[in-house]
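> Just the structure for this:
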Amino acid sequence: YPGFSPLLSHLFLTLITDFPHPYLGFSPPLSRFFPILIPLFPTAMPQLDSAGCPGQQNWTEGQEGTLQCQAGGRPQPKVECSRDGNSIPAGTPRPADRAHAGTYRCRATNTLGTAERNVTVWVQCGCGVLGAGG
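You can find the predicted model right below:
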């Protein structure tokens, strides 16, 4: 469930080996409690596939370009993409320029692990020729 806190994704149950004594104020010793974690929601490592993060993307110079890269997984992974040590936010539109052309390394991370994928961005200039810099 989007936005759901990973801390709330487990249900904490306590088993009591004996029933409480009928007198008020009685509490069994802590050694009689056995905490158990039961996942409420399935968890999954990050996945970057061609549907959410296409390996080849075409932009047009002077128009808005958006590096499309979404990851699956639970908890929802954080996605970061970079090229030559420079980070570019995935999913954020920006004016496309030939300098953006090249291969980006996208990384999706959650508490269960990391997935990586290369994404090549081609930027078409006004003359109709595709260029992949890098």
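> Arg94: neighbouring residues, count only.
Neighbourhood size, Arg94 [other C-beta atoms under 10 Å]: 13. To be clear about C-beta, it is placed using only N, CA and C from the backbone, and glycine gets the same treatment.
> meant to ask about Gln56, not that
12.
> ok, residues contacting stretch 100-115?
Residues outside stretch 100-115 that contact it (C-beta atoms under 8 Å, 6 or more residues apart in numbering) are 6, 43-48, 53, 59, 65, 67, 69, 71, 73-84, 88, 90, 94, 116-123, 131-134.
> What subset of these is buried?
45-46, 48, 53, 59, 65, 67, 69, 71, 73-77, 79-81, 83, 88, 90, 117, 119, 121-123 (16 or more other C-beta atoms under 10 Å).
> from the residues you listed, which ones fall inside strands?
Per DSSP state E, strands hold the following members of the buried ones among the contacts of stretch 100-115: 45-46, 59, 65, 73-74, 79-81, 83, 88, 117, 119, 121-123.
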